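Engineer: pasted the sequence and its predicted model underneath.
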Amino acid sequence: MSDDCIFCQIVAGEIPSHTVYEDDHVFAFLDVNPLAPGHTLVIPRDHHERLNDLPDDTADALYAAIHDLVPAAEAAVDAPASNVGFNNGEESGQEVPHVHGHVVPRFADDGGSP
Ligand code: 5GP
Ligand code: ZN
């Protein structure tokens, strides 16, 4: 855990979140400032800044969780589609330096990609 990382603090329960999934490697919760209803963040429990920093087993677990959470998030808000992606590095727009995948449910005519 990185003491000054808000996502580590969420995993530790020190900052409240709306948890939607958790297992030994992965934690998923609703984004506090959602781009759309059901916007979910999927993160490794352990602190890693970038995708390439992840150990193989953690990367595999993260992908497996996203694989299952995409249809779950869409179904939860009755969305027909979603954007799924990572900002990877500060210059890409990554504001929280703890790997996180965005799952953003999308609807017809909702204004385009985030
Ligand atoms: P980034 O720009 O780093 O890819 O995305 C960071 C995301 O984390 C943003 O969508 C932002 O709304 C979300 N976020 C930042 N702080 C918190 C928090 O304390 N709780 C939750 N649930 N989401 C947060
Ligand atoms: Zn962290």
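Structural biologist: Done, it's in. Numbering: from 1, shown residues only. Ligands and ions are numbered 1, 2, ... in the order given.

Engineer: CA only for contacts and neighbour counts going forward, please
Structural biologist: OK.

Engineer: relative to Val42, how far out is Phe86?
Structural biologist: Phe86 is 10 Å from Val42, where distance means CA to CA, to the nearest Å.

Engineer: quick one, which of those two is more surrounded?
Structural biologist: Val42 (25 against 17; other CA atoms under 10 Å).

Engineer: who touches both of Phe86 and Val42?
Structural biologist: Shared contacts of Phe86 and Val42 (CA atoms under 8 Å, 6 or more residues apart in numbering): 100-102.

Engineer: name the nearest of those relative to Pro34.
Structural biologist: Nearest to Pro34, judged by CA to CA, of those is His102 at 10.0 Å.

Engineer: three-state assignment of the closest one?
Structural biologist: What DSSP: H, G, I helix; E, B strand; the rest coil gives for His102 is strand.

Engineer: what's around it, how many residues?
Structural biologist: With other CA under 10 Å as criterion, His102 counts 23.

Engineer: got the contact list for it?
Structural biologist: Neighbours of His102 in contact, by CA under 8 Å, 6+ apart: 39-42, 83-86.

Engineer: quick one: which of those is nearest Leu51?
Structural biologist: Distances from Leu51 to the contacts of His102, taken by CA to CA, are shortest for Phe86, at 8.6 Å.

Engineer: pairing partners for the residue nearest to the spatial centre of the chain in the sheet, please.
Structural biologist: Geometric centre of the chain, nearest residue: Leu41, 2.1 Å, by CA atoms, centre = their mean. Note on Leu41: beta-bridge partners Phe29, His102, judged by DSSP bridges.

Engineer: that one: what's it in contact with?
Structural biologist: Per CA under 8 Å, 6+ apart, neighbours of Leu41: 28-31, 100-103.

Engineer: all helices of this structure, in order?
Structural biologist: With DSSP state H as the criterion, the chain has helices at 6-11, 56-77.

Engineer: any chance of those helices in TSV, plus mean neighbour count, distance to ligand 1 and mean pLDDT?
Structural biologist: Below are the helices of the chain laid out as TSV (neighbours: other CA atoms under 10 Å; distance: least, CA to the nearest ligand atom, whole Å; pLDDT from 0 to 100):
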stretch	mean neighbour count	distance to ligand 1	mean pLDDT
helix 6-11	20	6	98
helix 56-77	16	15	98
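
Engineer: I'm done for today, thanks for sticking with me.
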